[in-house]
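Engineer: just the structure for this:
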Amino acid sequence: MKILVAVKRVVDHNVKVRVNENDQAVDTTNTKKAINPFCEIAVEEAVRLKENNIANEVVVVSVGSAAVQEQLRTALALGADRGIRVETEQVLEPLAVAKCLKAVVDKEAPDLIFLGKQSIDGDNNQTGQMLAALCNMPQGTFASKVEVAEGTVAVTREIDGGLQTLKLRMPAVITTDLRLNEPRYASLPNIMKAKRKPLQTYSLDALGVQALSQVKLVSVAPPTQRKPGVKAHSVAELIDKLKHEAGVL
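Structural biologist: Predicted coordinates for the structure are as follows:
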C-alpha cells in the first residue's frame, strides 16, 4: 500500500508574526519556518502505518519554491521514503494546491492520501476536501483515529456532538486532527539518511495546472488588542459594572 502525504511550509508556530508596513501581508523576513503542525501529524500517521507493515511506501509532496525542500527533507528524516516538490514561486490558493495534488495523485496512484486538516497560516481548511472532490474519492476529515483493513479504512472524526466513525473504501483522502498522534522528533542519523533519499520536482506546466488567483487580498491587520480586565471587590460592584459598563444585565 502506498501513502501520499501533503506537507506545507509555514512560519513556525512559536514565532509571533507581524503585519508588514503596507498592511498587505505577514512579514516573514528572517522568521523560522517549519512543517505545518497538522501536516506533521499526517506524516507521523503514515510512517506508523508503514512501521506496522500496513503500508510499504510513504511519499511526501509539497507545493512551493526551492525553500520547501527543507520541510520535505524533514519529512524524509521522520520516516518518509521519497519526496515530490511542485515548483512555483506563487502563493497558491487552496483550489490551485488541490489541483497540483490531484495531478500528483494521478501520477502516483496512492491508496491513501493524508493532509493536515488546515494550515496555521491561511487557516482555510479547504484543500483536503477540494482534493477529494477533484479525485472523486471518499473523505474522512478531522481524523482522531485511523484503522486500515483490507481495502477499507475506518476514520473516527471529531464533530460538535462527539465522535463519528466513517468506513471508507480506498483510495481515500484523510485530513488529520491534533489528537490523532504525537509526532516524533527526527534523529541525527535519520536526518543524514534523508539527504540521500530521492526528491523529484515537477513544474506547474508539467502537471498541466494553471495557478489562477480567484481571491483578491484587500488588507491584513493584526487582531484588535483586548482591554485589560478589572477586578470587582464585591458582588454589588460586579453587578454594577455588568449593568453600567458592560451593558449585559
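Engineer: what's the longest strand along the chain packed up against?
Structural biologist: Counting residues, the longest strand found in the chain (DSSP state E) is strand 139-149. Other helices and strands packing on strand 139-149, by 3 or more C-beta pairs under 8 Å, 6 or more residues apart in numbering; DSSP states H and E, are helix 37-51, helix 127-135, strand 152-159, strand 162-169, strand 172-176. (C-beta placed from N, C-alpha, C; glycine too.)
Engineer: the shortest one pairs with which strands, parallel or anti?
Structural biologist: Spelled out, that is strand 172-176. strand 112-116 (parallel), strand 139-149 (parallel) (DSSP bridges).
Engineer: I'd like to know which of the ones you listed lies nearest to V235.
Structural biologist: strand 139-149 (41.8 Å; C-beta to C-beta).
Engineer: other residues contacting that closest one?
Structural biologist: Strand 139-149 is contacted from outside by 1, 45, 49, 54, 112, 117, 128-129, 132, 153-159, 163, 166, 168, 170, 172-177, 179-180, using C-beta atoms under 8 Å, 6 or more residues apart in numbering.
Engineer: go through it and flag the buried ones.
Structural biologist: Within strand 139-149, the residues scored as buried using 16 or more other C-beta atoms under 10 Å are 139-143, 145-146, 148.
Engineer: give me the angle between it and strand 162-169.
Structural biologist: Put simply, strand 139-149 runs at 70 degrees to strand 162-169, going by axes from the mean of the first three to the mean of the last three C-alpha atoms, to 10 degrees.
Engineer: ok and the longest strand of the chain relative to strand 152-159, angle-wise?
Structural biologist: 130 degrees.
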